[in-house]
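K.L.:
turn this into a model:
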Amino acid sequence: GSAFFFALCVGFPLGLILAHAAAQGSSLGGRFPQLIQVHGHIQLVGWFGLFVMGMGYRLVSRFAAVKHRYHWFVPLTLTCAVMGLVFRAIGQTFADEGVVFAVLFGSSGALEFLGISLFVAVVLRALLLGRPDEFGYKPFFAAGVAWLAVAMLLNAYLVLVAARGSGPVLPAGRSAVVAFLLLYGFASMFVLAVSVRTFPVFFGRERPNRTLVMMAWSVLNAGIALYAASALWGTYERSDGLRYVQNTGFLLVGSGLVLTVATLGILRGAPHRVRESARRNMRFVRSAYAWLALAGILQVYFAVTALVDNRFVPALQTDAVRHFIAIGFLTTVTIGMAFLEMPALAMRRLGRRSANLIAAVLLTLLHGAAAARGLGSLIANEGHFDEGYWIMTVGGMLGALVMAIFVGYVLWNPKDPSAAEISLTERRG
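P.N.:
Next comes the predicted model:
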């Protein structure tokens with residue numbers, strides 16, 4: 001619930017406001033730079049982060065067959081993360097307005113890191129003590145929590161340094177490294193881990209080739225390490241060597257994503273091992289991976305052209321890829337997983353009460369939001385700033401509408417379908 005709250009009430013609306021302000025040439029009273037960072041942080045930690053951690057607490061222990069020893073870690077993680085996010089949103093926006101806001105801003109990073117440390121400890125314990133991994137998912141989970149810890153430690157340091165000087169804006173290059181690690185290293189890595197474990201079951205086929213899975217994992221994580229390290233070092237000094245390493249890291253990450261999608265084979269076959277009703281909602285998952293494949297291909301292309309031309313990948317090109325992944329992949333797969341896993345939605349799905357219509361509307365809007373947001377960045381990159389930012393605004397509007405419809409549907413509480421309304425096929429699964 002907290003993840004949907006941050007997405008609906010802060011993340012997506014703020015993204016819409018920022019895109020609209022950029023289209024109109026507004027600086028939002030001089031607060032545009034810090035609001036961009038608040039938007040990115042709320043989406044990555046408040047939306048994707050909280051949802052992924054919630055699913056992680058549930059699924060990692062189930063996959064590894066290890067029970068939680070300290071159940072109070074879960075509510076404490078949520079409490080620290082939510083408090084940190086609220087402090088970050090308020091404190092960073094007004095950090096230059098007084099000491100109270102600076103204190104809120106400075107303490108936000110420590111609170112978030114505390115809550116996330118508990119989650120990291122639980123996941124690592126489950127991976128170490130759990131049953132043998134026959135699918136190849138453990139390295140993805142392990143890398144995910146490792147990159148999460150690194151990102152949030154760096155975030156806590158940057159926030160503390162900025163707050164001590166009552167500065168509301170983090171250094172852009174270093175803040176971008178945190179965002180990169182959270183998007184690729186944490187959120188995407190966890191979704192890939194779940195996919196490696198569950199797709200063979202859903203599709204009733206052999207597990208992916210372990211060698212190919214580990215090759216994709218190695219390429220992806222080597223790229224993340226190269227890109228993050230060189231981009232962070234590049235905020236202290238600039239050199240041709242660092243540019244080459246950063247572009248190479250970007251290339252490896254894109255290649256790793258494409259290889260992972262190909263290895264999983266999500267776009268072929270039918271998920272005949274899941275219920276008929278759930279099978280329809282697998283369209284979210286499959287289309288999400290189509291967006292991930294597109295993002296990976298574009299990332300490879302942008303990196304290769306940058307290497308050939310001896311330049312960095314332009315910021316608006318990385319922004320386009322980032323939003324194809326954030327909206328097209330992560331948001332789509334998150335909503336798809338919610339339809340498959342949330343008990344209330346599962347019961348509604350069985351009775352077929354409006355579920356098909358809502359799912360079709362949401363999927364259409366998600367495709368529109370991802371396409372508009374990413375395409376707007378690419379158009380702006382070509383120098384057509386007015387058209388690009390207005391298209392981004394459309395993407396933001398569609399994204400906010402998706403969250404409003406989805407949360408409204410979750411909160412809507414119709415009567416559970418009677419047994420007579422559920423087909424025999426659905427009851428048997």
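
K.L.:
got the phi/psi numbers for P314?
P.N.:
Taking degrees, to the nearest 10, you get phi -60, psi 150 for the backbone angles of P314.

K.L.:
test my guess that it contacts N381.
P.N.:
Yes. Contact criterion Cβ atoms under 8 Å: P314 and N381 qualify, at 5.6 Å. Just so you know, the C-beta spots here come from the backbone N, C-alpha and C atoms, and that holds for glycine as well.

K.L.:
where in the stretch 201-350 of the chain is pLDDT low?
P.N.:
Where the stretch 201-350 of the chain drops to pLDDT under 70, the residues are 203-205, 269-280, 341-350.

K.L.:
again, only using 90
P.N.:
Within the stretch 201-350 of the chain, the stretches with pLDDT under 90 are 201-211, 237-241, 263-286, 333-350.

K.L.:
show me the strands in it, by range?
P.N.:
Here the stretch 201-350 of the chain has no strands by DSSP state E, counting those that start in this stretch.

K.L.:
contacts only, for the residue nearest to L257 when sequence neighbours are not counted.
P.N.:
Distance criterion Cβ to Cβ, 6 or more residues apart in numbering; nearest residue to L257, sequence neighbours excluded, is G296 at 3.3 Å. Applying Cβ atoms under 8 Å, 6 or more residues apart in numbering to G296 gives the contacts V253, G254, S255, G256, L257, V258, V261.

K.L.:
buried ones among these?
P.N.:
Buried members of the contacts of G296, scored by 16 or more other Cβ atoms under 10 Å, are V253, G254, S255, G256, L257, V258, V261.

K.L.:
mind putting the residues you listed into JSON lines with distance to L78?
P.N.:
Formatted as JSON lines, the buried ones among the contacts of G296 follow (distance: Cβ to Cβ, whole Å):
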{"residue": "V253", "distance to L78": "30"}
{"residue": "G254", "distance to L78": "34"}
{"residue": "S255", "distance to L78": "36"}
{"residue": "G256", "distance to L78": "31"}
{"residue": "L257", "distance to L78": "30"}
{"residue": "V258", "distance to L78": "35"}
{"residue": "V261", "distance to L78": "32"}
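
K.L.:
can you list the weak-confidence ranges in the stretch 51-200 of the chain?
P.N.:
Flagging of the stretch 51-200 of the chain using pLDDT under 90 yields the residue ranges 51-52, 54-75, 95-98, 126, 129-137, 164-169, 172, 194-200.

K.L.:
how about the helices of it, start to end?
P.N.:
73-93, 99-129, 138-164, 172-180, 189-203 (DSSP state H, counting those that start in this stretch).

K.L.:
list the helices and strands the longest one packs on?
P.N.:
Spelled out, that is helix 99-129. Secondary-structure packing of helix 99-129 (3 or more Cβ pairs under 8 Å, 6 or more residues apart in numbering; DSSP states H and E): helix 50-64, helix 73-93, helix 138-164.

K.L.:
same question for the fourth one.
P.N.:
Counting contacts by 3+ Cβ pairs under 8 Å, 6+ apart, helix 172-180 is packed against helix 32-41, helix 138-164, helix 210-233.

K.L.:
and it, how far out from the chain's middle?
P.N.:
Once both centres are worked out by Cα atoms, centre = their mean, to the nearest Å, helix 172-180 turns out to sit 15 Å from its chain's centre.

K.L.:
F312 contacts Q246, doesn't it?
P.N.:
Yes. Between F312 and Q246 there is a contact under Cβ under 8 Å: 6.9 Å.

K.L.:
compare those two and say which is more crowded by neighbours.
P.N.:
Higher neighbour count among F312 and Q246: Q246, with 23 against 17, using other Cβ atoms under 10 Å.

K.L.:
how far away is that one from W217?
P.N.:
21 Å (Cβ to Cβ, to the nearest Å).

K.L.:
who touches G249 in this structure?
P.N.:
Shown in contact with G249 (Cβ under 8 Å, 6+ apart): A222, G223, I224, A225, L226, Y227, A228, A229, S230, A231.

K.L.:
excluding chain neighbours, what is closest to the first one?
P.N.:
The shortest distance from A222 to any non-neighbouring residue, by Cβ to Cβ, 6+ apart, is to L252 (5.6 Å).
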